[in-house]
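[1] this one's structure only:
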Ligand code: APR
C-alpha cells in the first residue's frame, strides 16, 4: 500500500491539511451530514462562496467539483464534490464516484496543494454501499498517485466505525 495514503477515524473538520473535500449536493447547500459540519466549522465564507458559485454556475454536477476558501478550517481550500446517490448500481454510480476522487485530486494539484483529506463520499445520506465505495476511492487514489509525485498525503477520514474497519482491512 502506498505510504502517502493515511487513514484516521474522526471528524474531518478537525484535521490539519491543505484541501478538505466536502461530500456536497448539487445545490451546494450544506444542511446535513459532513457538509453541514464543514459549513458550520468553516464559517460564513464557505456559505457565501457556495451561494456565489450557485448564482454563477447553477451549482455543481454529480462527479464534478467546485472550490471555495476554507474559512476557519485548518486548510487552504475546500473542494466540494457531489457524489452519486446509490440507485442500485446501474446508473453509472461507480464511474461518478471515481470521478469525484480523481477530479478532487487533479484540482488539488492545480491549486498547488500537497495534502488532501477525503470523507467517505456518498456513503451516508446517498446510501452507496460502504465497501464498494471504499474500493473505488482507493482505486482512484492509488491510480492517481502512481502517476503523480506532488501529492504527499491523502488522508481518508472515516467518521463511523464501519467505514474505518473497511478501509483498515483494504489498506493492509
Ligand atoms: N467528518 C467526516 N466524515 C463525516 C462527518 C464528519 N464531520 N460527518 C459525517 N461523515 C461521514 C458519514 O459517516 C458518511 O460516511 O461522511 C460520509 C458521507 O455522508 P454524508 O454527509 O451523508 O454524504 P453523502 O452520503 O455523500 O450524501 C450527500 O448529504 O452532507 C449532505 O449536503 C450533503 O445532501 C448532501 C448529502
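    Received the coordinates, thanks. Remember, predicted model here, so these are calculated numbers, not experimental data.

[2] going by C-alpha atoms from here, please, whenever you check contacts or count neighbours.
    Noted.

[3] what parts of this structure come near the ligand?
    The chain comes close to the ligand at residues 11-13, 23-25, 29-35, 37, 83, 119-127, 157-160, as judged by Cα under 6 Å from any ligand atom.

[4] just the buried ones from those residues, in ChimeraX syntax?
    Here is the ChimeraX command that selects the buried residues among these (16 or more other Cα atoms under 10 Å):
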select :12,13,23,24,25,29,30,34,35,37,83,119,120,121,122,123,124,157,158,159
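
[5] hang on, residue 66 in a strand?
    Yes - applying DSSP: H, G, I helix; E, B strand; the rest coil, one finds residue 66 inside a strand.

[6] how deep is it tucked in, by neighbour count?
    The number of residues packed near residue 66 is 21, by other Cα atoms under 10 Å.

[7] residues in contact with it?
    Contact analysis of residue 66 by Cα atoms under 8 Å, 6 or more residues apart in numbering lists 53, 60, 79, 80, 81.

[8] hang on, the earlier thing: next step: the residues of the chain next to the ligand restricted to strands.
    Those of the residues of the chain next to the ligand mapping onto strands are 23, 24, 157, 158, per DSSP state E.

[9] and the second one, what are its bridge partners?
    Listed by DSSP bridges, the beta-bridge partners for residue 24 are residue 82.

[10] distance check, it against residue 69.
    Per Cα to Cα, to the nearest Å, residue 24 is found 15 Å from residue 69.

[11] do the same with residue 19
    9 Å.

[12] which neighbours do those two share?
    Residues touching both residue 19 and residue 69 (Cα under 8 Å, 6+ apart) are 76, 77, 78.

[13] what's opposite the last one in the beta bridge?
    Read that as residue 78. Going by DSSP bridges, residue 78 is paired in beta bridges with residue 20, residue 68.

[14] excluding chain neighbours, what is closest to residue 12?
    Nearest non-adjacent residue to residue 12, counting by Cα to Cα, 6 or more residues apart in numbering: residue 157, 6.0 Å away.

[15] let me see the contact set for that neighbour.
    7, 8, 9, 10, 11, 12, 117, 118, 119, 120.
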